[in-house]
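Asks: Fold the following for me, if possible:
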Amino acid sequence: MEFPVDIRRVTTGLVLAIWPLVSHAEISAYEAYQHLQDLASAQGGEIRPESVFVSEGVVKLNRVRIGAVGFPVDWGLTPEWIRFEERSNGTVRVSAPEVVPVEQTIFGAHRAVGTILAPGFSGLMTRDQNGVTFSLSGTTMWQYSAITAMPDGKQRQFAAELHDWRAVLVSGGARTNSVDAALSAGLLNAVLRDGQGANLFHTAIEGFRADYFGGFRNLFDLMADPFGMDWFRAKVSFKSVTTVVSTDVIEDNHLVIRSEGLEGEFSSRPDNVKSEIFSKDVTVQAISSGVVLGDISAGEVVLANDIIGGGGSMTTDIQIQSQISELEINRQFFATLDQDTAGTTIDESFPTGRLDLEGSVTIPSSQARRLFARDSMEFQPTDVIDWKLENLFVEFLGASLLASGEVKQTAPVESREGFRAAGQVRVEILGLKKLLRKLDSVNALNQRGKIASRLILSAGQEQMQDQFVYTLVFSPDGQIQINGFVIQ
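Replies: I've put the predicted structure just below:
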């Protein structure tokens, strides 16, 4: 029998046409609730309702507590109810009250009690070959909390808001304990105030996005022991940020930090943790009573570290790289360094600078684990800290500095003794005299600074015109020499 058309094309076309309608396998309201409860439990948290009402296609939780205990925050949400409702397309709609009480304990010392407001909140759970996806979104979300700081007991007020926010959580796929999560917001605002309502800290972030991909046994374990994770990768980015930090509320002194973009990536696998942060057009301003006293800016800032060790390794190696380019210091900044020179008018312009740093520190893995767990380190007499400065290059106000070296510190046998250091560091400075004359001309050197500058010049070995070399030698007996001169 012959067909007038190609039956394979027709069949393929039908499959492609109906696939979007059946791509989400059905999930019941109770399965959706059970999945979230199991996920919370696996991550060291809980979803504990006082009672559960189950009917055809609907599960309603009454007087619910959602929370988790772990570093750095113990937190809990207590919505009056949560409702799971099956829809005709095989998905489950999740709804909750617009007002939800929240309580937190931060770093074990600060207790916060407040409310989350989420008008227009909507949640949807679906299931497909990748697992279960929980999507949440809203136009605006607010959080207001009163904080009691311990041990002084002073009151603080915290407020945060998200605009045009969306969160997605995917779990339960083929990879065990694997979670993909994302949070985005058009605008994120957060402010911390003192008991009188004055701002202590305020930040505004535009185009915020955070992504997490990984497998782990407990999210809070990541904070305490990153080497305990199987694997994970996280990314954070935003389009711009403005942060204001108060340094003196009464005198209205504060710092303003701005950046026109930031990207950060963090990853972990057994015995290796990496992080890298890139930011551009960074500016730090010192402001008093609305007047800009001085500022520092940089075109690009790159901070990276690579931690290798943990597990069965005896030592942990922490490698650090930093790059700051187009570093510029406003000439008025130097007039703020000393009260005697405050208000000085400075006409001279300064060239841009640069900083490149590459080095590492190696410590016993036992101490590294205590460090990452925020515990106090207790060194043994056989423990050694190995500092390596592969390269340090600094351009500052027309002068340049180049340094490298290695110093090993051995833990003391007796607690009353200090660490014993042994090693050598070489420093080369080009344009030192010119730099000191420039700092003196803009009144950036007080009397102590002038004395220190003369000592620096006298201790250096001038290799050629305005090029000085310093060799620092550290001896196990505690002695430090600079170009053969003993200073300790």
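
Asks: tell me, what residue is most central in the chain?
Replies: The chain has G264 as the residue nearest its centroid, 8.3 Å off, counting by C-alpha atoms, centre = their mean.

Asks: Note down every partner strand of the host helix or strand of that one and its orientation.
Replies: For G264, the host element (DSSP states H and E) is strand 262-269. Strand 262-269 has the following strand partners under DSSP bridges: strand 231-238 (antiparallel), strand 272-288 (antiparallel).

Asks: list the buried ones in that strand?
Replies: Residues 262, 264-268 are the ones in strand 262-269 that count as buried (16 or more other C-beta atoms under 10 Å). C-beta: built from backbone N, CA, C; applies to glycine.

Asks: Could you grab the helix/strand/coil label for Q367?
Replies: Three-state assignment for Q367 (DSSP: H, G, I helix; E, B strand; the rest coil): helix.

Asks: Could you check how many residues crowd around it?
Replies: Counted with other C-beta atoms under 10 Å, the neighbours of Q367 add up to 19.

Asks: Contact partners for it?
Replies: Taking C-beta atoms under 8 Å, 6 or more residues apart in numbering, we find Q367 in contact with 377-379, 383.

Asks: again, 10 Å this time
Replies: 315-316, 375, 377-380, 383, 385, 411 (C-beta atoms under 10 Å, 6 or more residues apart in numbering).

Asks: What separation is there between it and T315?
Replies: Q367 sits 10 Å away from T315, going by C-beta to C-beta, to the nearest Å.

Asks: Give me the common contacts of those two.
Replies: Residues within reach of Q367 and of T315 at once, by C-beta under 10 Å, 6+ apart, are 383, 385.

Asks: any idea of the pLDDT on the nearest residue to V249 once chain neighbours are set aside?
Replies: Of all residues not flanking V249 in the chain, A198 sits nearest, at 4.7 Å (C-beta to C-beta, 6 or more residues apart in numbering). A198 carries a pLDDT value of 88.

Asks: and A198, backbone torsions?
Replies: Dihedral pair for A198: phi -80, psi 140, per degrees, to the nearest 10.

Asks: so it makes contact with V244?
Replies: No. Taking contacts as C-beta atoms under 10 Å, A198 lies outside contact range of V244: 11.7 Å.

Asks: right, so of the strands paired with strand 262-269, which gets closest to W142?
Replies: strand 231-238 (19.6 Å; C-beta to C-beta).

Asks: Flag every buried residue along that closest one.
Replies: When burial is assessed from 16+ other C-beta under 10 Å, strand 231-238 yields the following buried residues: 232, 234, 236-238.

Asks: Distance to E326 and pLDDT added to these, as TSV?
Replies: TSV is the format used below for these (distance: C-beta to C-beta, whole Å; pLDDT from 0 to 100):
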residue	distance to E326	pLDDT
F232	33	80
A234	28	88
V236	23	94
S237	21	95
F238	21	93
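
Asks: Dump these to a markdown table, plus distance to G138.
Replies: Formatted as a markdown table, those follow (distance: C-beta to C-beta, whole Å):
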| residue | distance to G138 |
| --- | --- |
| F232 | 27 |
| A234 | 23 |
| V236 | 21 |
| S237 | 21 |
| F238 | 19 |
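
Asks: what secondary structure does P476 sit in?
Replies: Strictly by three-state DSSP, P476 counts as coil.

Asks: Give me the phi and psi for it.
Replies: As for P476, its main-chain torsions (degrees, to the nearest 10) stand at phi -60, psi -20.

Asks: Same question for G449.
Replies: Backbone geometry at G449, expressed as degrees, to the nearest 10, gives phi -60, psi -40.

Asks: residues near it, how many?
Replies: Using other C-beta under 10 Å, G449 has 15 neighbouring residues.

Asks: Same check on the one 10 residues further on?
Replies: Neighbouring residues of A459 were enumerated by other C-beta under 10 Å; the total is 14.

Asks: Where do the strands of the stretch 251-400 of the chain begin and end?
Replies: Along the stretch 251-400 of the chain, the stretches classed as strands by DSSP state E, counting those that start in this stretch are 253-259, 262-269, 272-288, 291-308, 315-329, 353-364, 384-396, 399-410.

Asks: Those strands: which one's closest to S453?
Replies: Ranking the strands of the stretch 251-400 of the chain by their distance to S453 (criterion: C-beta to C-beta) puts strand 399-410 first, at 12.3 Å.
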